[in-house]
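Q: need a structure here:
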Amino acid sequence: MHLAGVTSHPTGAWVTQQARNLVVTMGGALSTRRFLIRDRDTKFTDTFDEVFRSEGIRVIRAPVRAPQANAYAERWVGTLRRECLDWILILDRRNLEAVVREYLEHYNTHRPHRGLDLRPPCPELAELGSTPVARRQGVRRQDRLGGLIHEYTMAA
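A: Next up, the predicted model:
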C-alpha cells in the first residue's frame, strides 16, 4: 500500500497530481501492475486515467453501487480503521498523515497477510536495526504508534 496524499477537499486536479507523484515514486515497480480498479467518483477524471494508461495499466471502473467489485480497497479501509484509526485521536491533517504513514510501514513490512502465507508484502524494507523496547529469550519487541502495535523479531 502507498499513501499518495491527504486532503480534506480533493479535486480532480489534486487526484491527478497524486497519480503522477505515485508513478514517479514507484518508477519501474509500477510496470508489473496490469490493472487499476477505481470507483466512479467524479474526481477521477480522464486525465487521471491517462496517467495510468500511459504506463500500460488498464483502468477499470467499478460497477455502480457494487462495493464487492473493489473488495481489496474496501478491506484495506476497514483494516486501517479497525487496527489503527479507531484507537487514536487524530488532531489535524498532518497528524493523520503521520499516523497513516507509520501504520503503512508496519502494514507493508511486518504485518502478516493470509494471502502471502503470513508474510508481509515487503519484508525486505523492514529496518533490522530498529530500537527494541524489550528482549526476552531471543525475541525483540518494537512498539509503534505509542504501543498500539507491537512488532516482534528474532534477536541477533
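Q: count residues in the vicinity of residue 65, would you?
A: Using other CB atoms under 10 Å, residue 65 is surrounded by 8 other residues. Just so you know, the C-beta spots here come from the backbone N, C-alpha and C atoms, and that holds for glycine as well.
Q: need the pLDDT of it.
A: Note on residue 65: pLDDT of 84.
Q: list the helices and strands the longest helix along the chain packs on?
A: In terms of residue count, the longest helix belonging to the chain (DSSP state H) is helix 93-109. With contacts defined as 3 or more CB pairs under 8 Å, 6 or more residues apart in numbering; DSSP states H and E, helix 93-109 has these neighbours: helix 71-83, strand 139-144, strand 149-154.
Q: TSV please, covering the ones you listed and showing mean neighbour count.
A: Below are the helices and strands packed on helix 93-109 laid out as TSV (neighbours: other CB atoms under 10 Å):
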stretch	mean neighbour count
helix 71-83	12
strand 139-144	15
strand 149-154	14
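Q: got CSV for these, with mean pLDDT and distance to residue 96 too?
A: CSV is the format used below for the helices and strands packed on helix 93-109 (pLDDT from 0 to 100; distance: least, CB to CB, whole Å):
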stretch, mean pLDDT, distance to residue 96
helix 71-83, 90, 11
strand 139-144, 87, 16
strand 149-154, 86, 17
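Q: residue 2 is nearest to which of these?
A: Between residue 2 and those, the shortest gap by CB to CB is with helix 71-83, which sits at 11.1 Å.
Q: got the angle between that closest one and strand 149-154?
A: 100 degrees (axes from the mean of the first three to the mean of the last three CA atoms, to 10 degrees).
Q: low-scoring stretches of this structure, by residue?
A: 125-137, 156 (pLDDT under 70).
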